[in-house]
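Engineer: The sequence and its predicted three-dimensional model are supplied below.
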Amino acid sequence: MEITLKRTAGIMAVLLILAAVTQAIYTALYIGAPDISRKFLWSIEAVLFTALTAFAGAAMMQAKGYALGWAAIAFAAVLNVVQVGVGLVMFAPFGEVAGEMEAFRPAFMSVVAFSFFVYNAAKALLGLAALVFGMAAMARGAKALGGLTALIGVIAMAANALSMTLGRDFSGELPLAGGSGVLATVLLALVLTGATGEE
């Protein structure tokens with residue numbers, strides 16, 4: 001069955017929105033109910049990002065333009081699969097051992113730091129995709145939405161790059177990297193399907 005680029009982009013937009021929703025719920029639970037297990041949300045994200053990898057890869061092959069944007073989405077999805085996988089299979093056993101053996105705590109913290117590093121890399125790539133497709137939307141005449149998407153994309157790229165290089169606490173209590181990354185993801189989904197009109 002042949003799936004057109006327009007339909008591929010539409011499916012990607014839905015997957016991106018769902019991923020943003022799960023991350024918002026995860027954050028709300030982390031802040032408001034930290035004792036509730038969030039493993040189920042991670043499992044959902046693993047499936048969403050695995051599917052997004054396939055559809056973004058297909059879009060890269062189908063599209064005649066915006067290759068940088070499609071590639072950024074595809075590799076962001078791959079990195080998110082890695083990040084979620086680390087959380088699902090490594091956090092619990094490393095955390096349990098670190099709780100029993102203080103000497104093992106640095107190893108556990110390095111696993112956590114690696115997970116966030118990959119998370120920030122993925123968000124930076126989604127920011128890049130938001131910039132590419134936001135500028136494309138502006139060129140098509142959707143100046144307000146396209147301009148906002150491009151702007152948030154730049155902010156997400158910068159904030160997550162700083163988190164990668166300076167550490168995830170570079171902005172203090174302000175969740176600038178994660179928040180801008182999620183917002184860029186939502187805006188990217190809104191402008192994504194329109195990018196197929198010129199393909």
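Structural biologist: Thanks, I have the structure now.

Engineer: show me the contacts for the residue positioned nearest the centre of the chain.
Structural biologist: The centroid of the chain falls nearest to residue 123 when counting by CA atoms, centre = their mean (4.5 Å). Shown in contact with residue 123 (CB atoms under 8 Å, 6 or more residues apart in numbering): 76, 156, 160, 177, 178, 180, 181, 182, 184, 185. All C-beta atoms are positioned from the backbone trio N, CA, C, and that covers glycine.

Engineer: Residue 65 versus the fourth one, what's the distance?
Structural biologist: Here the criterion is CB to CB, to the nearest Å. By it, residue 177 lies 29 Å from residue 65.

Engineer: next one: the first one
Structural biologist: Distance of residue 76 to residue 65, computed by CB to CB: 19 Å.

Engineer: ok, the two, which is more surrounded?
Structural biologist: residue 76 (28 against 13; other CB atoms under 10 Å).

Engineer: who's in contact with that one?
Structural biologist: When contacts are counted by CB under 8 Å, 6+ apart, residue 76 is found next to 122, 123, 125, 126, 129.

Engineer: any idea which element the last one lies in?
Structural biologist: Element membership of residue 129 [criterion: DSSP states H and E] is helix 105-139.

Engineer: So which bits of that helix are buried?
Structural biologist: The neighbour-count check on helix 105-139 (16 or more other CB atoms under 10 Å) flags 108, 111-112, 115-138 as buried.

Engineer: following it, which helix or strand comes up?
Structural biologist: helix 143-166.

Engineer: Residues in contact with that following helix: which ones?
Structural biologist: Here helix 143-166 makes contact (CB under 8 Å, 6+ apart) with 116-117, 120-121, 123-124, 126-140, 170-171, 176-177, 180-181, 183-184, 187-188, 190-191.

Engineer: can we see that at 7 Å?
Structural biologist: Helix 143-166 is contacted by residues 117, 120-121, 123-124, 126-128, 130-131, 133-135, 137-138, 170, 176-177, 180-181, 183-184, 187-188, 190-191 when judged by CB atoms under 7 Å, 6 or more residues apart in numbering.
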